[in-house]
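Participant: take this sequence and fold it.
(3 chains)
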Amino acid sequence: MDVHIKYRIGKSGVFQVVVAVLAFACVVPLMFILFYILKAGITKINWNFLTNLPKPVGETGGGIANALIGTIMLVLTASAFAIPVGILCGIYLSENRKSKLAYWSRLCIDILQGVPSIVIGIVAYFWLVKPLGAFSALSGSAALAIMMLPTIVSSTEETLKLLPDTLREAAFALGMPFHRVILKVIIPCGFSGILSGVMLAVARVSGETAPLLFTAFGNPYLSTNILKPMQSLPLLIFNYATSPYNDWHDLAWGASCILLIWVLLLNIFTKLVTRKWKVQL
Amino acid sequence: MKSMKGLALAVVALAITAGMTMSSCGDAGNGSGADSSANKGGEDNTILGAGATFPNPLYSKMFSEYNKTTGLKVNYQSIGSGGGIQQLTAKTVDFGASDAPMNGKQDSALSAPVIHIPATAGAVVISYNLPDLKDTLKLTPDVVAKIFLGDIKKWNDKAIATINPGVKLPATDIQVAHRSDGSGTTNIFTTYLTKVSKDWESKVGKGSSVNWPVGLGGKGNEGVAGSIKQTPGGIGYVELAYAIQSNMAYAKLQNKAGNFITPSIASVTAAANITIPADAKVSLTNTDAPDGYPISGLSWILVYKEQKYDNRSADKVSKMLKLIQWMIHDGQQYSAALNYAPLSPAAVAVGDAQLKSVTYDGKPVLQ
Amino acid sequence: MDTSLNNDLITRPDSMLGRVISSAKLRDAVKGIKRIKRSHRQIRTENVFKKTLVIVALSTIVLVLGIMVTLAWQSTLSIKASGLGYLWGKVWDPVQDIFGAYPFILGTLLTSFLALIISIPFSFAVGIFLGEYFPNGLASNFLKNTVELIAAVPSVIYGFWGLAVLVPIVRSFETAIGVTPVGLGIFTSSLILAIMIIPYAASLARSMIQMVPSNLKEAAYSLGATRWEVIRSVILPYTKSGLFAGILLSLGRALGETMAVTMVIGNTSLIPKNIFSPGNTMASIIANEFTEADHPVYLSALIELGLVLFLVTVVINMLGRRIIKQFTQD
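Facilitator: Have a look, this model is predicted:
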């Protein structure tokens, strides 16, 4: 064989190896992070850790029950705002692809997707905390809901767009009214896609700290009143990790570990859902 | 096409008005807050406070103990002194806490007068990382100012060597570390430097976040401590409680009387044993007390003098005032274990007087 | 008319009407009326449903405009005080009320672009590996899922890990190359950011590369091109604009990242001297000082930073999405 051709084949082979090495190098830092957090956090987790309230410095046996309940409450409330609005908006966008309103609405969703979380925190403070005169879980949830919207809207829109038009037309031909076609035919068919969008959105906001600093505010006690300040896992991690006390550091490590496991589980579950129903996202 | 334009206009108009009303509501602060805060008082058994980070461990201990005996839940969030003042001004919290007394600018933003109640005292120590140094470093005010101004760059500078005779100083660079977030600690430290150095006063000034001429910032005490610990030749300022807790080396500092003082709970309490003015707004830095550590400061609880606002109930107000009263008396027993300096008798007396001046609908609450 | 009344008329044998009119005819008529009524009701529900959709779509526009107006309104004080010079002002001194955003804008640009430069070889390698070399298979599935998980880890956790693990490594590296060993700084935050933004460019690159028509590639192969030559002369030129969009989206993410950067950048308002100096980004200065802004101008200056950040990320994201849309529509 010609030397030149050998050289070209060799170059191609070298490049393939380089690409493979670089690609798998990306896995290393993630594994590093997972390993480190799990190692530092897993030993701190036990039943008391999950059910007790944080203790002041110098007393052992504190837990993070308030942050766990708080995070669940915050995310649930945010979902209650964001899921209906997000799905409805996604439906509008997929049903009216060419309208002017759809164009602008889509643009705004794109914008929202890119807004830094700290900016949303500032805005939520001026919209809900100052006018109401109180920090509240509600304002935190609103900030989180704004962050959830783009993911839910675009996953709904993309899923519904992929459904064949024949499905819709068949339903219309049977004389079903528009809303029933959507609610009884289109949504059930695109359910898994929408569900995975919702879960990704939940996973995204579960770990958000910046928008909660000035809205949900934190609370050392267990609170379920959404008009009052509420604790959450990321806030607890942020506050306790920057404190000088080892007891509080331990709480922060344990909380990081739980938050990480929760977020990863949500993501893996989403993967399973999309694979099971063969959804393209 | 026409209707589309109309629609677009309507949307823009709606958004702008929404934004404006939201923002202007925000500026007014308490206007629309009345309804929502109606249910704040009454049967509700929580008090919301926010502010200084420095006393947070002590406060959380005090509030936890108080909760055990009275059942009152105090939610204290350590968002920083400036934040505490800002939130009290916006009336989103029941009490604020600050390591720095309110200044003119902050006072002018208030809708009603606020009183200062001293709750604990602490000190800022100058911590360093010189692994080979066996003795405790001694520093004078002038040298400290020059180091933080960047005028002294090496550890073996003549100025440092003359106050530390017989100590072998390395030829390494000095790495200054400071707080990146605004903080009462920074305020105490820069107030001190402003008092002792003309250069500092003209170039930098005092405040809870200043424009540092040299060094790198760390968030919170931990960030600064981290920089110092990890950088050979590092120097920075941290709170006493934190320095003791994390076994850091800290310098003896020359006070106004000329003595080199080791920062400790005793020397801070000594610094606070001076005449305290009736409004309690006093800086303990550069104290006249001969055995007092010069970079000390009080930490205050801030409340409105007239407590009847935003439909607050008389019950809630009296609960809050009793809590604060307990903090400056019985609560002080928890100070020493957490490396805070107990209040001097003079400070407690002033605090009591201040508390008794608080009114609800014009009538004093505590007898 | 009440439907139950109709039913009564038909079903009750003793009813006058029931006896007079033949019941079968009446039943048909009533059924007709019922059907019309039902369809009326359905049309009404349908209209309500359609209107709700329109309102929801409108509300997203109102939301974004509202955010913009709020930020602009809250920063008027600072805009009035410092004018346009705010953007070029080199000093940030809250004590003297001098607010210049230049150090933070520079810090943001430095960290983001450095992060991009570090991450692009990796993210494109992932894209090429998954899009061209091994679109299926166990190893590629593992790689794909792992890379997607990188985007899922909360940024607070990246910050901790950076502080605990990366900072000491960077410090010893700095000692080795002879710069001041600080550990914290622009370089460290760029490293963290580089990891965090890999998935954004990678997943876009993968889907763009998969979209290259196979007849193009096959034509090149039939002319005797090697794999590398196909990638270099066919795939990369074809996906050029898509890859660029991926870079833009990564950049948008890097610009707005707050928590992780705040924890490792060193936080100083001085203008960074080199890439190892400590600095501050627009997002990190807001996170650091928003709580402590104790007078209105100061707070307003921070919100103005938020406004600038908002506008910059909006432009970059929209540009990126526009390019993707054009690419996918062709």
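Participant: most centrally placed residue in the chain?
Facilitator: Here I'm looking at chain A. residue A:204 (1.8 Å; C-alpha atoms, centre = their mean).
Participant: my bad, the chain I had in mind was chain B
Facilitator: So for chain B, C-alpha atoms, centre = their mean, it's residue B:99, sitting 2.3 Å from the centre.
Participant: what residue ranges in the chain score low on pLDDT?
Facilitator: Going with chain A. A:1, A:242-244, A:277-281 (pLDDT under 70).
Participant: switch to chain C, please.
Facilitator: C:1-22, C:330.
Participant: residue nearest the centroid of it?
Facilitator: Taking C-alpha atoms, centre = their mean, chain C has its central residue at residue C:253, 6.3 Å away.
Participant: helix, strand or coil for it?
Facilitator: Put simply, residue C:253 is helix when judged by DSSP: H, G, I helix; E, B strand; the rest coil.
Participant: so what's it closest to, chain neighbours aside?
Facilitator: Spatial nearest neighbour of residue C:253, excluding adjacent residues (C-beta to C-beta, 6 or more residues apart in numbering or on different chains): residue C:197 at 5.2 Å. For every residue, glycine as well, the C-beta is placed using N, CA and C.
Participant: okay, and the one you found sits in which element?
Facilitator: helix C:186-210 (DSSP states H and E).
Participant: show me what from the stretch 51-200 of chain B comes close to chain A.
Facilitator: B:56-57, B:60-61, B:63-64, B:73, B:75-79, B:90-93 (C-beta under 8 Å from any C-beta of the partner chain).
Participant: so which of those residues belong to strands?
Facilitator: Counted as lying in strands by DSSP state E, out of these, are B:73, B:75-77.
Participant: which among those count as buried?
Facilitator: Buried members of those, scored by 16 or more other C-beta atoms under 10 Å in any protein chain shown, are B:73, B:75-77.
Participant: want to throw the residues you listed into CSV with pLDDT?
Facilitator: CSV is the format used below for those (pLDDT from 0 to 100):
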residue, pLDDT
B:73, 90
B:75, 91
B:76, 91
B:77, 87
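Participant: pretty sure residue A:167 belongs to a helix, no?
Facilitator: Yes - with three-state DSSP as the criterion, residue A:167 is assigned to a helix.
Participant: and the gap between it and residue A:160?
Facilitator: Distance of residue A:167 to residue A:160, given as C-beta to C-beta, to the nearest Å: 10 Å.
Participant: give the residues shared as contacts by these two.
Facilitator: residue A:186 (C-beta atoms under 8 Å, 6 or more residues apart in numbering or on different chains).
Participant: residue B:156: what secondary structure?
Facilitator: coil.
Participant: quick one, what contacts it?
Facilitator: So residue B:156 contacts B:169-171 (C-beta under 8 Å, 6+ apart).
Participant: distance check, the residue in chain A that chain B sits nearest to against residue B:311.
Facilitator: The nearest approach of chain A to chain B comes at residue A:133, 2.6 Å away (C-beta to the nearest C-beta). Using C-beta to C-beta, residue A:133 is found at 10 Å from residue B:311.
Participant: out of the ones in strands among the residues of the stretch 51-200 of chain B next to chain A, which is nearest to chain C?
Facilitator: Of these, the one sitting nearest to chain C (C-beta to the nearest C-beta) turns out to be residue B:77, at 9.9 Å.
Participant: would you map the helices across the stretch 51-200 of chain C?
Facilitator: Secondary structure of the stretch 51-200 of chain C (DSSP state H, counting those that start in this stretch): helices at C:76-82, C:102-128, C:138-150, C:155-161, C:167-177, C:186-210.
Participant: dump these into CSV; add mean neighbour count as well.
Facilitator: As requested, those are arranged in CSV below (neighbours: other C-beta atoms under 10 Å in any protein chain shown):
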stretch, mean neighbour count
helix C:76-82, 17
helix C:102-128, 22
helix C:138-150, 16
helix C:155-161, 25
helix C:167-177, 15
helix C:186-210, 25
